[in-house]
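J.: Here's my sequence, what's the structure:
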Amino acid sequence: MSDNPSDTPRLDLKHLTRRFGGRVAVDDVSLSIAAGQVTCLLGPSGCGKSTTLRMVAGVEQVDAGEIYVDGRLICDTRKSIPAEDRQIGLMFQDFALFPHLRVSENVGFGLTGDAYARMARVRDLLARVGMERFEAAYPHELSGGEQQRVALARALAPRPGVMLMDEPFSGLDNRLRDGIRDDTLDILRSEDTAVLLVTHEPEEAMRISDRIALMRDGSIVQEGTPEELYNQPVDAATVAFFSDINRVSGTVKKGILDTVFGPLPASTLADGTKVCAVMRQHDVRITVKGAAATVERCRFLGTATHVKARLEATGDAITLNQPGHIPIGPGEKVHLSVDPQDCFIFPE
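T.: So this is what the prediction gives:
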């Protein structure tokens, strides 16, 4: 286990900013990660998450802010410790293994000290990632999943306190991805490594992270546990990033938003405020009573039926995923309802 004091983050980013000409790519990003914790930087392409990772790695300049590892300042606008001296490991999508070196040589590359101790560390790591029998193989003789495991062992060899991962699993076959990803993060947690992982896939972030930092236009718009971001989103765009949604617009009157689905509580908003009620597709249901609608499209997806219907009262299109198989088709009349507790109301 780490000797890092519990109240000192393993990785601490304070007000990081990066500009390219007149464009601000990363804007005042602050984030703390404890030892053994996995935090995902989540967001669409171009939001600044990879640039943030590159600043921590030491391959991108910092225009403002500070980076600390175990309380030690490793970078600000006046000083920058070389990347190789930051106690930070790197894992990327392309694995970056040396093709002319055997597996054991790849894992041990860069290790210093006694030869016996180096080989013991290499063999221990290869055993932990299930690759001990490939010690003498070359990278081209391995599958993508096997190369990923070797890349992990190599990144862990010098015992980094922090591991940076830039979409490292996106190149793997879907059948292998979940198992290799879970095994990789289990090993990193057991090593007490703080992990900062970049991904654009909400499902991946929800599955693997202890905390998520959602980025948009260079800034972190919300940071917290997966449950907090999903159940307590700060705005409609955050809801939409994690799931397909429907929107119903209206105006608050006497603390209520009146919709075709019935009145929705909006007591925190002033009367006259124009708002949108946001509801996830799977929270809309076909029921005996509710808002009248006409089915326009219906597709069976195996575990659920995807339906697009047009509300008779407003003409708005509503999409929903109803569990199981629903024997309806285009032109049929249905009634739709949603639990008010499953709606999020935000100012337009």
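J.: For residue 134, see how far away residue 147 is.
T.: Counting by Cβ to Cβ, to the nearest Å, the gap from residue 147 to residue 134 is 10 Å. Using the backbone N, CA and C atoms, a C-beta is placed for each residue, glycine as well.
J.: more crowded one of the two?
T.: Comparing residue 147 with residue 134 by other Cβ atoms under 10 Å, the one with more neighbours is residue 147, at 22 against 19.
J.: which residues touch stretch 131-149?
T.: Contacts made with stretch 131-149 from outside it, assessed by Cβ atoms under 8 Å, 6 or more residues apart in numbering, are listed as 95, 97-104, 106, 122-123, 126, 129-130, 150, 153, 168-169, 171-173, 176, 180, 183-184.
J.: Revised request: answer the last question for stretch 18-35.
T.: 2, 4, 6, 9-17, 39, 48, 51-52, 55, 60-65, 161-162, 192-196, 211, 213, 215, 217-220, 223.
J.: Just the CA trace of it, in CSV.
T.: Extracted as CSV, the C-alpha positions of stretch 18-35 are listed here (Å, rounded to 0.1, in the frame of the first residue of the first chain):
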residue,chain,number,x,y,z
ARG,A,18,-3.9,25.7,-22.3
ARG,A,19,-4.3,28.1,-25.2
PHE,A,20,-3.5,27.6,-28.9
GLY,A,21,-3.4,31.0,-30.5
GLY,A,22,-6.6,32.7,-29.6
ARG,A,23,-8.4,29.5,-28.7
VAL,A,24,-8.6,28.2,-25.2
ALA,A,25,-8.4,24.4,-25.3
VAL,A,26,-8.4,23.8,-21.6
ASP,A,27,-10.0,26.5,-19.3
ASP,A,28,-9.3,26.6,-15.6
VAL,A,29,-9.5,22.8,-14.9
SER,A,30,-9.0,21.6,-11.3
LEU,A,31,-9.2,18.0,-10.3
SER,A,32,-8.0,15.8,-7.5
ILE,A,33,-7.5,12.0,-7.6
ALA,A,34,-6.7,9.8,-4.6
ALA,A,35,-4.4,6.8,-4.6
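J.: State the number of residues packed around residue 76.
T.: So residue 76, with other Cβ under 10 Å, has 16 neighbours.
J.: Given the helix or strand hosting residue 320, what are its sheet partners and their directions?
T.: When secondary structure is defined using DSSP states H and E, the element that contains residue 320 is strand 317-323. Strand 317-323 has the following sheet partners, assigned by DSSP bridges: strand 304-311 (antiparallel).
J.: which parts of the partner strand are buried?
T.: Buried positions in strand 304-311, judged by neighbour count with 16 or more other Cβ atoms under 10 Å: 304, 305, 306, 307, 309, 311.
J.: Save those residues as JSON lines, and put in pLDDT and distance to residue 22 too.
T.: Shown next, in JSON lines, are these (pLDDT from 0 to 100; distance: Cβ to Cβ, whole Å):
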{"residue": "304", "pLDDT": "92", "distance to residue 22": "47"}
{"residue": "305", "pLDDT": "95", "distance to residue 22": "49"}
{"residue": "306", "pLDDT": "96", "distance to residue 22": "44"}
{"residue": "307", "pLDDT": "97", "distance to residue 22": "46"}
{"residue": "309", "pLDDT": "97", "distance to residue 22": "46"}
{"residue": "311", "pLDDT": "95", "distance to residue 22": "45"}
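J.: What does the residue nearest in space to the middle of the chain show for phi and psi?
T.: Residue closest to the average C-alpha location in the chain (Cα atoms, centre = their mean): residue 205, at 3.1 Å. Dihedral angles of residue 205 (phi, psi; degrees, to the nearest 10) stand at phi -60, psi -40.
J.: close enough to count as contact, it and residue 43?
T.: No: between residue 205 and residue 43 there is no contact under Cβ atoms under 8 Å: 9.6 Å.
J.: in which helix or strand would I find the nearest residue to residue 112 once chain neighbours are set aside?
T.: If the residues on either side of it in the chain are set aside, residue 112 comes closest to residue 118, at 7.7 Å by Cβ to Cβ, 6 or more residues apart in numbering. Assigning secondary structure by DSSP H and E places residue 118 in helix 115-128.
J.: Okay, angle between whichever helix or strand comes after that helix and helix 115-128 too, please.
T.: Where DSSP H and E defines the elements, the next helix or strand beyond helix 115-128 is helix 144-156. With axes from the mean of the first three to the mean of the last three Cα atoms, to 10 degrees applied, the angle from helix 144-156 to helix 115-128 works out at 140 degrees.
J.: Now helix 144-156: buried residues?
T.: Neighbour counts using 16+ other Cβ under 10 Å place 145, 146, 147, 148, 149, 150, 151, 152, 153, 154, 155, 156 of helix 144-156 among the buried residues.
J.: avg pLDDT for that helix?
T.: pLDDT averaged over helix 144-156 equals 88, rounded to a whole number.
J.: what's the spacing between that helix and its chain's center?
T.: The chain centroid and the centroid of helix 144-156 are separated by 21 Å under Cα atoms, centre = their mean, to the nearest Å.
J.: downstream neighbour of that helix in the secondary structure list?
T.: For helix 144-156, the succeeding helix or strand toward the C-terminus, using DSSP H and E, is strand 162-166.
J.: Counting by contacts, list what that following strand packs against.
T.: Counting contacts by 3 or more Cβ pairs under 8 Å, 6 or more residues apart in numbering; DSSP states H and E, the secondary-structure elements packed against strand 162-166 are helix 49-57, strand 88-92, strand 194-199.
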